[in-house]
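Colleague: what shape does this take:
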Amino acid sequence: MQNITGLRPRLVVDGADAALDFYARALGGTVSERHTGADGRVVHSLVTAGPARFAVKDAGDGDPAPSGDGVPVIMSLEVDDADAVAARMLAAGATVIYEIADRGYGYGGRLRDPFGHQWMISQEAPA
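Modeller: Numbering: from 1, shown residues only. Predicted coordinates for the structure are as follows:
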């Protein structure tokens, strides 16, 4: 049996460079890899934010970006201060889907980044 050594989400967006800037500002992430194709589109990049790592690429080559209300994936981000992370994301251009609040099953909410991806922000309930 093979051991799983990781799972890395890959976010497909329209405008990867703008998305990389957003994720750096909103999540304190750093871009550790960025590769482009001959046409200049980002075909692979890697963002590291704390212990989380995820890839970002421009739409194309059979990979569509989210459009309208269709969301192919929801990112679930576990943090130690959901209010602070949500505030940074909002300041960087995200919008609220569900306010950060005590939901009975946990403390958190959901935001949409400017590129159509939804982010569940959650933490252990504040004392």
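Colleague: list the beta-bridge partners for V12.
Modeller: Beta-bridge partners for V12, by DSSP bridges, are K57.
Colleague: could you check how far it is from Y23?
Modeller: Between V12 and Y23 the distance is 14 Å, computed by CB to CB, to the nearest Å. The C-beta positions use only the backbone N, C-alpha and C, and glycine is treated the same way.
Colleague: more crowded one of the two?
Modeller: With neighbours defined as other CB atoms under 10 Å, V12 and Y23 compare such that Y23 has more, 26 against 23.
Colleague: next up, the contacts around that one.
Modeller: Residues in contact with Y23, defined by CB atoms under 8 Å, 6 or more residues apart in numbering, are G29, V47, A49, V56, D113.
Colleague: so the second one touches T30, yeah?
Modeller: It stands for V47. Yes - when contacts are counted by CB atoms under 8 Å, V47 is listed as touching T30 (7.1 Å).
Colleague: identify the contacts common to the two.
Modeller: Counting by CB under 8 Å, 6+ apart, the shared contacts of V47 and T30 are A24.
Colleague: okay, these two: which has more neighbours?
Modeller: The neighbour comparison of V47 against T30 (other CB under 10 Å) goes to V47, with 21 against 12.
Colleague: which strand or helix spans that one?
Modeller: strand 42-49 (DSSP states H and E).
Colleague: do the same with A19
Modeller: Secondary structure (DSSP H and E) places A19 in helix 16-27.
Colleague: do L90 as well
Modeller: According to DSSP H and E, L90 maps onto helix 82-92.
Colleague: ok so, going back, got the angle for the next helix or strand after the helix holding A19 vs helix 16-27?
Modeller: The C-terminal neighbour of helix 16-27 among helices and strands, as given by DSSP H and E, is strand 30-36. Strand 30-36 and helix 16-27 meet at an angle of 170 degrees, taking axes from the mean of the first three to the mean of the last three CA atoms, to 10 degrees as the criterion.
Colleague: all set, thanks.
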